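1. Turn this into a structure:
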Amino acid sequence: MRKHNPDNELAKRNYLDFLRDAGGRSEATLDMVAAAIHRFEEFNRYRSFKSFRREQAISFKAHLAQQKSGATGRPLSKATLYSTLRSLRAFFEWLAREPGYRKALVYSDAQYFNVTENDARVATASRTRPAPTLDQVRRMVEALPAATPLERRDRALVATVMLTGARAAAVASLRLKHLDLTRRALIQDAREVKTKRAKTFTAFFYPVGEPFEDIVRAWLDEHGHKHDFGPDDPLFPAARTTISADGQFDAQGFERRLLASSSPIREAFRRACSAAGLPYYNPHSLRQTLVRLGYDLDLTARELKAWSQGFGHTSPLTTLVSYGALGEHEQAAVMAGLAHRSKASPDIRAALATLQAAFVGDT
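-> The predicted model follows:
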């Protein structure tokens with residue numbers, strides 16, 4: 001059975017090069033787009049892209065809706081359907097403008113790679129994700145053992161995320177020089193740190209308590225002096241793995257290299273949650289914890305702007321939309337508080353009438 005089409009391979013390569021070099025898309029995005037195109041090619045039996053017609057898009061949509069996730073065994077999510085079809089629509093719109101395809105393809109046929117408006121709203125809806133309270137994160141850190149250097153690294157790792165709200169990918173790429181304890185700041189230089197959209201910014205420590213800072217300071221002192229690591233060495237180095245006498249992998253000390261991925265960071269959070277008797281909270285959820293702390297502090301506009309910049313956001317609105325959604329119990333508590341405040345305050349109409357009378361009298 002045919003597994004590829006040479007002409008299609010060239011078109012795909014040119015498109016991915018376009019997205020990378022002209023569109024500035026990340027490798028993760030390119031992988032997602034390539035997977036979507038391959039899924040369509042496989043369904044279409046690797047026919048030439050030049051034979052594309054709207055009927056193929058309609059048939060593929062129906063086929064995709066019947067597919068199941070390999071991980072869960074359940075039908076593909078609305079978000080997967082939406083992102084796959086959107087990637088294909090963008091690809092064929094681009095292809096219809098390219099030499100060799102302009103006469104073969106109808107630009108508007110790409111529009112049939114769509115979902116219903118209702119499905120699009122479901123796919124793109126913002127949903128509240130579980131996040132720990134600040135007290136729960138304290139419990140997580142306290143519950144982690146600290147007998148070995150590797151265990152102390154993991155405690156400092158969790159504490160650093162709590163102090164700075166840094167993303168897991170960024171934390172995995174940090175070097176000692178990026179942490180400035182004098183200024184209480186984490187310098188996320190996109191030339192070396194894997195920040196989202198390659199943004200460079202400084203995250204000053206959030207007011208989450210001295211215990212977190214003490215853990216990070218102790219780790220920096222141990223790591224920088226006892227282990228003889230310098231400014232350009234990893235802040236959280238990869239473990240040196242050896243094979244024990246019984247043939248099992250065993251972590252012994254550190255290597256002078258960065259973590260290969262954010263997986264060890266998620267594993268550290270998993271162990272911390274388990275040790276504290278809590279459900280698993282991923283590193284990213286601590287950003288919601290920090291926004292809730294901001295709510296509790298009743299931040300001014302100036303303070304909210306500083307808070308938002310620590311996340312690498314240009315606008316505070318991005319922070320609130322991304323991480324500020326309230327759970328139903330929080331929403332209910334806020335609304336109940338407003339109702340109580342309304343009952344305790346003077347009647348609004350009477351207050352307005354008094355102000356109006358005073359205004360008329362002054363004129």
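
2. any idea whether the residue lying closest to Ser315 once chain neighbours are set aside is helix, strand or coil?
-> Of all residues not flanking Ser315 in the chain, Ser308 sits nearest, at 6.9 Å (CB to CB, 6 or more residues apart in numbering). In short, each C-beta sits where N, CA and C put it, glycine included. Counting by DSSP: H, G, I helix; E, B strand; the rest coil, the backbone at Ser308 sits in helix.

3. Surely Arg129 is in contact with Arg287?
-> No. Contact criterion CB atoms under 8 Å: Arg129 and Arg287 do not qualify, at 10.0 Å.

4. Which one's more surrounded, those two?
-> More neighbours surround Arg287 than the other of Arg129 and Arg287, with 20 against 13 (other CB atoms under 10 Å).

5. List the contacts of the helix or strand where the more buried one lies.
-> Using DSSP states H and E, Arg287 sits in helix 286-296. Helix 286-296 is contacted from outside by 129, 131-134, 137, 161-162, 165, 206-208, 303-304, 307, 311, 319-320, 322-324, using CB atoms under 8 Å, 6 or more residues apart in numbering.

6. Now list the buried members of these.
-> 131-132, 134, 137, 161-162, 165, 206, 208, 304, 307, 311, 319-320, 323-324 (16 or more other CB atoms under 10 Å).

7. Thr202: what's it in contact with?
-> Contacts for Thr202 were tallied using CB under 8 Å, 6+ apart; they are Ala185, Leu186, Ile187, Gln188, Gly310.

8. which residues touch the spatially closest residue to the fourth one that is not a sequence neighbour?
-> Leaving aside its sequence neighbours, Gln188 sits nearest to Thr195 (CB to CB, 6+ apart; 5.1 Å). Applying CB under 8 Å, 6+ apart, we find Thr195 in contact with Arg167, Ala169, Ala170, Gln188, Phe201, Gly312.

9. related to what we said a few turns ago, looking at the contacts of helix 286-296, which are in helices?
-> With DSSP state H as the criterion, helices contain Leu134, Val137, Val161, Met162, Glu303, Leu304, Trp307, Thr319, Leu320, Ser322, Tyr323 from among these.

10. give me every residue that touches the fifth one.
-> Remark: with contacts taken as CB under 8 Å, 6+ apart, Glu303 is in contact with Gly294, Leu297.

11. Could you check the pLDDT of it?
-> Glu303 carries a pLDDT value of 96.

12. Likewise for the fourth one?
-> pLDDT, the model's per-residue confidence, is 98 for Met162.

13. can you check the last one too?
-> Note on Tyr323: pLDDT of 91.
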